[in-house]
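Asks: turn this into a model:
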Amino acid sequence: MKKAKPALILLLKILVSGGLLAFFFTRTHPERFFSTLLAADFSYIALAMVVYLATQAVSAARWQVLARPLGFEQPFGRYLVFYLIGMFFNLFAPGTVGGDVSRVYYLAQSGMKQDETIPGGPTVRGTVSVLVDRIVGMAVLVWVGATGLLLFPEYQVPTTVKLITFALAAGFILAGVMVPLLRRLLPEDGHPLAVKLRVALRSYRAHGRALPNAVAISVIVHLIQAWVHWILGNALSIDIPLSYCFILYPLVGTFSAIPISLNGLGLREGGYIFMFAVIGLGTEKGIVFGLLLFFVVVANSLIGGLVFLLHKSPRPSAVPDQIR
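Replies: Coordinates of the predicted model:
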């Protein structure tokens with residue numbers, strides 16, 4: 001029964017994605033849809049692929065910054081390899097769990113320095129690095145969206161959407177303020193989650209610059225990702241103001257992160273349809289844009305698949321004793 005549960009979850013997500021896409025296609029004009037798709041400029045698409053790949057390299061650098069305080073001292077190249085492999089597994093696993101698990105696995109196998117002041121083994125520490133990387137990335141994504149709404153009020157984004165975005169941004173800030181209090185409340189032993197939280201709190205408290213540096217890198221990542229949206233708009237001859245991309249990308253990215261579909265497929269397209277309507281763009285353009293962005297993600301993820309095939313994992317004998 002437990003083995004069937006992941007398969008059932010994956011099936012449900014496929015049904016949600018397929019159902020949403022089918023619903024959106026019934027509301028599109030086939031001729032306008034295909035004319036928009038076939039008119040795409042490949043040079044802009046190629047540029048978007050290259051820039052998107054560059055953002056993954058920057059994201060790997062953020063992960064390296066967050067892993068160092070936990071005792072991992074690998075060179076940047078290894079983080080990049082592990083991150084690209086994680087991208088590949090994100091594409092073929094339910095949600096983003098598969099990619100995260102692969103990153104933890106490779107990082108734990110790569111070895112770490114012995115530091116008795118840092119509790120937990122390599123798997124716990126690797127899990128903490130990936131978890132904090134996810135949290136920082138999502139928090140900054142929401143903050144970028146909230147900032148975009150404040151800086152560019154001329155776009156008539158529905159009030160409900162604004163309030164939800166501001167509430168999420170405030171929630172992340174409040175959670176950050178409350179984090180130091182958790183250290184006093186967490187028990188010395190108990191649930192594995194409590195162990196991971198204690199590892200994170202102790203490690204990042206001792207290395208105070210790690211989290212601010214990771215936040216700064218995340219800002220760069222998300223600003224470049226917003227630029228990718230502007231590039232794809234040009235690929236489809238869609239007039240998307242660059243200023244609007246700083247609202248469009250974070251809001252749709254946050255919405256498509258809800259874990260009810262297959263890697264955001266369907267939710268993403270619905271988000272673009274909704275947000276494109278704000279600036280007077282039709283349904284067909286929203287669906288084509290979402291599918292084109294998904295194609296860019298898939299192409300980059302397949303690069304991670306190639307890296308996975310070429311990468312040689314450490315032999316069991318090469319794995320340090322402390323992580324066996």
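
Asks: okay, CA-based contacts and neighbour counts for the rest of this
Replies: Noted.

Asks: mind checking the SS state of residue 161?
Replies: The three-state assignment at residue 161 reads helix, by DSSP: H, G, I helix; E, B strand; the rest coil.

Asks: now it: how far from residue 128?
Replies: In this view, residue 161 and residue 128 are 31 Å apart by Cα to Cα, to the nearest Å.

Asks: those two - which one has more neighbours?
Replies: residue 128 (23 against 11; other Cα atoms under 10 Å).

Asks: other SSEs contacting the host helix or strand of that one?
Replies: Per DSSP states H and E, residue 128 falls inside helix 122-151. In terms of contacts (3 or more Cα pairs under 8 Å, 6 or more residues apart in numbering; DSSP states H and E), helix 122-151 is packed against helix 42-67, helix 97-109, helix 159-185, helix 192-206, helix 210-235, helix 242-256.

Asks: so where's the stretch 151-300 of the chain shaky on pLDDT?
Replies: 179-200 (pLDDT under 70).

Asks: so who does residue 87 touch?
Replies: Residue 87 sits next to 99, 300-301, 304 when contact means Cα atoms under 8 Å, 6 or more residues apart in numbering.

Asks: same deal with residue 138?
Replies: Neighbour list for residue 138: residue 254 [criterion: Cα under 8 Å, 6+ apart].

Asks: measure it to residue 222 for me?
Replies: Taking Cα to Cα, one finds residue 138 at 10 Å from residue 222.

Asks: please apply the same query to residue 135.
Replies: Going from residue 135 to residue 222 by Cα to Cα gives 14 Å.

Asks: give me the more crowded residue out of those two.
Replies: For residue 135 versus residue 222, neighbours defined as other Cα under 10 Å are more numerous around residue 222 (23 against 12).

Asks: the more buried one and residue 141 touch, don't they?
Replies: Yes - the criterion here is Cα atoms under 8 Å, and residue 222 meets it with residue 141 at 6.5 Å.

Asks: got the buried residues for stretch 272-292?
Replies: Taking 16 or more other Cα atoms under 10 Å as the basis for neighbour counts, the residues of stretch 272-292 that come out buried are 272-277, 281-292.

Asks: among those, which ones are in helices?
Replies: Judged by DSSP state H, those include 272-277, 283-292 as members of helices.

Asks: tell me which of the helices and strands packed on helix 122-151 lies nearest to residue 151.
Replies: helix 242-256 (8.9 Å; Cα to Cα).

Asks: could you check the angle the closest one makes with helix 210-235?
Replies: 110 degrees (axes from the mean of the first three to the mean of the last three Cα atoms, to 10 degrees).

Asks: angle of helix 242-256 against helix 122-151?
Replies: With the same axes, to 10 degrees applied, the angle from helix 242-256 to helix 122-151 works out at 140 degrees.

Asks: kindly export helix 242-256 (C-alpha atoms) in PDB.
Replies: The C-alpha trace of helix 242-256 is given here as PDB (Å, rounded to 0.1, in the frame of the first residue of the first chain):
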ATOM      1  CA  LEU A 242       9.900  44.400 -18.600                       C
ATOM      2  CA  SER A 243       8.500  46.100 -15.500                       C
ATOM      3  CA  TYR A 244       5.500  43.800 -15.700                       C
ATOM      4  CA  CYS A 245       7.800  40.800 -15.800                       C
ATOM      5  CA  PHE A 246       8.900  41.500 -12.200                       C
ATOM      6  CA  ILE A 247       5.200  41.000 -11.300                       C
ATOM      7  CA  LEU A 248       4.300  38.300 -13.800                       C
ATOM      8  CA  TYR A 249       7.100  35.800 -13.100                       C
ATOM      9  CA  PRO A 250       7.000  35.800  -9.200                       C
ATOM     10  CA  LEU A 251       3.200  35.600  -9.000                       C
ATOM     11  CA  VAL A 252       2.900  32.800 -11.600                       C
ATOM     12  CA  GLY A 253       5.900  31.100 -10.100                       C
ATOM     13  CA  THR A 254       4.500  31.100  -6.600                       C
ATOM     14  CA  PHE A 255       1.100  29.900  -7.900                       C
ATOM     15  CA  SER A 256       2.500  27.000 -10.000                       C
END
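
Asks: contacts for that helix, please.
Replies: Residues contacting helix 242-256 (Cα under 8 Å, 6+ apart): 138, 141-142, 144-146, 148-149, 152, 155, 165, 222-223, 225-227, 229-230, 263-265, 267-268, 271-272, 275.

Asks: what of stretch 150-160?
Replies: Contacts of stretch 150-160 (Cα under 8 Å, 6+ apart): 243-244, 275, 278-279.
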